[in-house]
Every structure is written in C-alpha cells, then in structure tokens.
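In: Need coordinates for the below:
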Amino acid sequence: MRGILLGCALVMASASLFAQQAEAVITYGFKNNGKESRGEQQLYIKGKQVRLAPAGRQTEQQFLHYGEKASYQVLNSNGEIFTLKKSFSEYVKPELIPGIDTVAGVPCKKAKVFIRSNTIEVWYTNDLKIKGTPSITVAPGLGLVLKTIRNGNSETYARQIEYRAVTAEELNWPANKGKIVDEPTYQRQVIESRYTTLPIFDREQISWGNAINNPAAETLNATYKFAGGTVILKKVKLPAAKPGQRLFAELAQYSNGDAYDRTGSVFMIPTDKAVTFLQGLQQGAQALPTFTARNGKKYQGYVTTDNYVAPLELMRFFTPFGVRHFNAQARIKGYNWADSAVYKQDISELLPRLQGEVWIGIYIGNYDKGGHKASLSFKYYPGYDGEGTTENKKWIMPVFNSTNLMEMAGQEYATLFGQDSLTVTVDVPQGVKNLKLRYITTGHGGWGGGDEFNPKLNEIFADGQKIYHFFPWREDCATYRLLNPASGNFGNGLSSSDLSRSNWCPGTLTLPVDIPLPELAPGKHTLQVAIPLGKPEGGSFSFWNVSGVLIGDKE
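Out: Sure thing, here's the model as predicted:
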C-alpha cells in the first residue's frame with residue numbers, strides 16, 4: 001500500500017489495516033506560531049530499526065533500535081567515526097496525560113516532557129507496529145510520535161505516512177560504528193565537527209632574553225621570534241572566504257613565569273606596499289616610516305602612508321596576573337584559580353584581508369625569561385542554508401596602530417597625545433561607500449595619576465570635524481578575579497586586578513568600537529585621534545595604544 005496521505009477524514013478501519021504494516025516512511029512538517037515553516041524531515045522505519053533524517057545541515061546520523069530499546073548517534077568527524085549508544089531509559093521520562101486526540105486521522109494519546117526548561121507536548125500512539133519519533137531526545141520509547149509542540153508555539157507534525165518497503169539505502173543502517181564513546185565526549189565531537197579549526201600557534205613561548213634562532217628564509221608555517229622574543233610570527237596559508245562564513249580568533253594564554261598583567265595583541269602584517277612592518281621586525285624600528293611629534297619624539301610605524309600599511313590588529317587582549325604558574329603559590333579557600341585565560345572574538349568583518357598567504361603575529365610585552373605560553377587558532381563557521389549567498393565585498397584598510405608591538409626592540413611608546421593628535425591621511429578609492437572606523441583604544445600608565453586608572457576622553461576627527469567621542473572605561477574587572485592568582489591584595493579587601501581601568505581588565509579582551517563615517521566619499525581625507533594625556537611623574541609616564549581600520553562596502 002503506497003502513498004497514502006492520512007487526513008482527518010481517514011476511517012478507523014484503514015488505521016486498523018495500517019497497524020499490520022511494519023515498514024513506512026513518515027514525512028513531518030513544521031509550524032511556528034500557527035504558520036507553516038519551510039522544510040520537512042523524514043522517518044524511515046523498517047521493523048525495529050528507524051533512521052531519523054532531520055531537516056537542514058546535519059553532521060551526524062541518528063537511529064533508533066526498538067529491539068535494543070536504544071538510540072544510536074553516529075558521527076564522521078574528519079574521517080574518524082564516533083558513536084553514542086543511549087538507552088531509552090536515559091532520556092527524560094514523559095508525563096502521561098489522560099485523553100485521546102486525533103492527529104492525521106490516527107487516535108493519539110498525549111504526554112508532556114520537560115527538557116532544559118522547555119515544555120514539549122507529545123501526541124503518540126503505541127497501537128501500531130511502526131514506532132519512532134521526529135526528535136531523538138523526545139520520548140523515543142513511547143511508540144510512534146506524530147506531533148510535538150514545544151513551548152506552545154513550535155510544532156512538528158506528521159504530514160504524510162507512506163506504508164511501503166524501505167530500502168537498505170534509505171535506512172542506511174551503519175555498518176561501521178567506529179569508536180563507542182560516552183555522551184560528553186560525543187557531544188564535544190559533534191560541536192567541533194560543525195566548523196573548521198586552523199591552528200596557527202600551539203603553546204608557543206613568548207618571553208624576553210632567550211636565544212633566538214629564526215629560519216633563514218621566509219618559510220611557510222615556521223615560527224619566528226622578534227623583539228627579544230616578545231613577538232612571535234608565522235606565515236600561514238588561509239582559505240578563501242565563503243559567502244555567509246564566520247571567522248573567530250581564539251587565543252589561550254597562561255603564565256610561564258611572568259606574574260604581571262601585560263598588553264597583548266594578535267595582528268596581521270599587510271604586505272601590499274613597498275615597506276612592511278615585517279621589515280621593521282627584521283631590520284629594526286628605524287626601517288619603518290617615522291614622524292616627529294610636537295614633543296620632539298620620533299614615532300615609528302604608527303600610521304599608514306603611500307608606501308606602508310600599519311599592522312592590522314585582529315584582537316587586543318591583556319594577560320592576567322600569573323594564571324596557572326602561580327596558582328599553587330596563592331592558595332585561598334574557595335578560590336579555584338583558572339587554568340588559563342581564553343580569549344575568543346568574531347573577526348568575520350576582516351576576512352577579506354585574511355586569505356591566502358599572510359603573516360600572523362602575537363605580541364605580549366614582558367621582561368621575563370619564562371614569560372607566557374600562548375596558542376592561537378582560527379575557527380571557520382559555515383553560514384546557514386541560504387545565508388550570504390551573494391558575496392558581500394569589503395574594502396579594508398588599516399590606517400593607524402600605536403600599539404608598540406616592537407616595544408622590546410626600541411619602538412616608541414605612544415606618548416604623543418596631550419601635545420599632539422595622531423593624524424593620518426587616507427585615500428578612499430572610487431566605488432567604496434558606507435565607511436566605518438573599527439577603533440580599539442586602551443590607556444596606560446600604572447600609577448595613581450596615570451591614564452590606566454583615570455578616564456580620558458577619546459575624540460575622533462575627520463577632515464577637522466569631530467565625529468565621535470567617548471570615555472573608554474571598564475568597571476567590571478573584579479569579575480575576573482579567579483584569573484589573577486598573583487594579583488596584589490590591598491588593605492581594603494580589593495585586589496589590583498579588581499580595579500577599574502581605561503578600557504581593559506587583566507585577563508580579558510578589549511573590544512573594538514565601530515564609528516560610522518557615512519559622509520566620507522571617495523578621495524583623500526584626514527583622520528585624527530585626540531586624547532588629553534596625563535603628565536609624567538618621575539620615571540612614570542602615560543600612553544595610549546590605539547588602532548584603527550577603515551571598512552567599507554565595495555560596489
């Protein structure tokens with residue numbers, strides 16, 4: 001009996017006849033808030049074996065075996081097969097509700113399941129030979145589930161039941177179950193199989209004063225160290241961007257001997273001009289374009305020029321006070337120190353600059369032979385079906401970066417503010433519109449009068465007109481106390497890591513601010529950053545690390 005569409009008019013005699021069949025294909029549809037949704041899913045039933053074929057992109061196969069009263073989830077992750085076998089008794093037990101309702105012409109009993117704060121109503125029958133559920137977690141042992149409603153508004157319902165022989169190809173029962181694992185292990189594998197991870201650095205030491213032996217040539221996938229070992233650099237080959245794709249940078253860091261909070265930066269070196277920041281690392285800061293500020297100091301490599309592009313900052317982070325290395329030396333009841341600091345940031349909008357062979361670096365300023373250990377990976381997440389099918393073309397130009405990545409190789413601290421502004425001339429090409437400035441700023445100078453601990457107004461000007469101003473300030477630093485075992489403790493009960501700071505906290509990221517520039521048309525423009533710098537005190541001084549990237553749409 002083939003292609004039978006069950007409707008409300010179906011007579012009970014037909015249902016009795018169907019009950020003798022043990023093979024079927026059930027097609028489910030979806031509704032949200034009473035309205036039909038796109039997509040459908042199938043259930044392939046062959047005796048006591050069932051395959052669930054959910055709608056949308058899937059990274060695993062799902063099966064039910066009613067003879068064994070167990071579910072199977074099978075995952076092929078990078079060529080390795082993992083299987084989770086789970087007894088029906090391990091799933092949330094449904095609460096049975098009195099009464100009979102008719103669903104798709106079939107008399108159904110009703111139940112209710114509570115899963116992770118979600119209330120799921122279930123309509124099912126156990127009078128038929130066929131059994132199954134459209135969701136592997138929802139009442140797999142009840143019988144045949146024909147309808148579910150989640151939280152009163154998201155409905156999955158049987159649209160068609162086709163009683164017919166199910167082929168071996170449709171059932172697709174796994175011949176190779178690979179490695180049987182527990183549920184936590186399996187769920188981790190499922191999550192990681194959904195995206196692509198590209199390792200850049202793996203527990204590399206970033207420290208000061210140790211011997212450095214760099215490869216002689218510019219070798220792909222080799223780690224280079226510069227600025228006394230406080231900068232690590234690698235030339236890597238990145239994949240081409242795909243429409244709708246998301247890119248995240250993830251960095252894990254812990255102390256390898258340094259107890260202090262340090263400025264960190266993940267950056268990319270543009271190589272599309274005659275002079276590059278790489279030359280500065282290789283030859284010294286004097287190889288970079290330099291300007292002299294009103295205070296008489298020379299500042300190297302800060303701004304983009306006609307023949308040089310400043311480093312593109314992907315992520316600004318700040319190390320905590322001695323996480324991992326000093327955990328055992330600072331034992332406090334109830335303080336479970338973190339094992340490492342993990343920083344993760346969406347850098348999808350920078351994807352057009354992160355393709356092909358590029359130089360990626362990490363800087364952590366420190367003066368310690370042990371220093372820090374850091375791992376960096378790029379994680380590529382696919383877009384949803386139909387998302388971003390048209391390529392969104394972007395123009396991306398790093399225009400300034402005053403973070404002195406070569407701090408330990410003589411690159412000047414950004415002390416020009418106060419007497420001067422950071423000024424750069426940019427040339428916006430024809431066909432670029434909807435410009436914005438991706439701006440990152442942090443203030444430094446760690447004494448009572450220093451800019452680390454005093455809010456300072458940041459003002460952004462375009463062609464002499466103020467377009468944006470704000471006080472970059474963080475008041476949530478105490479949230480991250482358990483990342484900071486070596487933080488100094490004060491008589492009033494606070495720790496150094498708890499103190500509010502100029503847009504940063506030890507153990508956290510500093511996120512960029514997007515500043516719209518809709519009035520900037522193609523052509524030459526001048527951008528300026530003005531900050532009232534604090535006065536020096538003895539040997540202490542204030543400075544500001546600011547970076548800016550222009551991003552626009554290309555026609």
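In: Strands of the stretch 1-150 of the chain, start to end?
Out: 23-32, 35-46, 49-53, 60-65, 70-77, 80-87, 95-103, 106-115, 118-125, 144-150 (DSSP state E, counting those that start in this stretch).
In: closest to P472 out of those strands?
Out: strand 118-125 (40.0 Å; C-beta to C-beta). To be clear about C-beta, it is placed using only N, CA and C from the backbone, and glycine gets the same treatment.
In: Can you list the strands that that closest one pairs with?
Out: strand 106-115 (antiparallel), strand 144-150 (antiparallel) (DSSP bridges).
In: Now do the longest one: distance to the chain's middle.
Out: This points to strand 106-115. Distance, stretch centre to chain centre, for strand 106-115: 38 Å (C-alpha atoms, centre = their mean, to the nearest Å).
In: Ok, the last one next?
Out: For strand 144-150, the gap between its own C-alpha mean and the chain's C-alpha mean amounts to 34 Å (C-alpha atoms, centre = their mean).
In: thinking again about what came up before, nearest to P184, of the strands of the stretch 1-150 of the chain?
Out: strand 80-87 (9.8 Å).
In: how about P184, secondary structure?
Out: helix (DSSP: H, G, I helix; E, B strand; the rest coil).
In: and W544, that's in a strand?
Out: Yes - according to three-state DSSP, W544 belongs to a strand.
In: ok, back up a step: just put the strands of the stretch 1-150 of the chain in CSV and tack on distance to L220 and mean pLDDT.
Out: Converted to CSV, these look like this (distance: least, C-beta to C-beta, whole Å; pLDDT from 0 to 100):
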stretch, distance to L220, mean pLDDT
strand 23-32, 47, 95
strand 35-46, 43, 93
strand 49-53, 42, 96
strand 60-65, 34, 95
strand 70-77, 27, 94
strand 80-87, 27, 96
strand 95-103, 60, 91
strand 106-115, 48, 95
strand 118-125, 48, 97
strand 144-150, 49, 96
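In: Mean neighbour count and distance to H469 added to those, as JSON lines?
Out: Listed next are those as JSON lines, based on neighbours: other C-beta atoms under 10 Å; distance: least, C-beta to C-beta, whole Å:
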{"stretch": "strand 23-32", "mean neighbour count": "19", "distance to H469": "44"}
{"stretch": "strand 35-46", "mean neighbour count": "16", "distance to H469": "46"}
{"stretch": "strand 49-53", "mean neighbour count": "21", "distance to H469": "56"}
{"stretch": "strand 60-65", "mean neighbour count": "20", "distance to H469": "51"}
{"stretch": "strand 70-77", "mean neighbour count": "20", "distance to H469": "49"}
{"stretch": "strand 80-87", "mean neighbour count": "17", "distance to H469": "53"}
{"stretch": "strand 95-103", "mean neighbour count": "11", "distance to H469": "58"}
{"stretch": "strand 106-115", "mean neighbour count": "18", "distance to H469": "49"}
{"stretch": "strand 118-125", "mean neighbour count": "19", "distance to H469": "45"}
{"stretch": "strand 144-150", "mean neighbour count": "22", "distance to H469": "47"}
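In: Please identify which of those strands is closest to G356.
Out: Of these, nearest to G356 by C-beta to C-beta is strand 70-77, at 27.2 Å.
In: who does the closest one pair up with?
Out: Here, using DSSP bridges, strand 70-77 pairs with strand 60-65 (antiparallel), strand 80-87 (antiparallel).
In: Dump the shortest one to PDB, keeping only the CA atoms.
Out: This file holds the C-alpha atoms of strand 60-65, laid out as PDB (Å, rounded to 0.1, in the frame of the first residue of the first chain):
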ATOM      1  CA  GLU A  60      25.600  13.200  12.300                       C
ATOM      2  CA  GLN A  61      23.300  10.300  11.600                       C
ATOM      3  CA  GLN A  62      20.500   9.300  14.100                       C
ATOM      4  CA  PHE A  63      19.000   5.900  14.600                       C
ATOM      5  CA  LEU A  64      16.600   4.100  16.900                       C
ATOM      6  CA  HIS A  65      16.600   0.400  17.600                       C
END
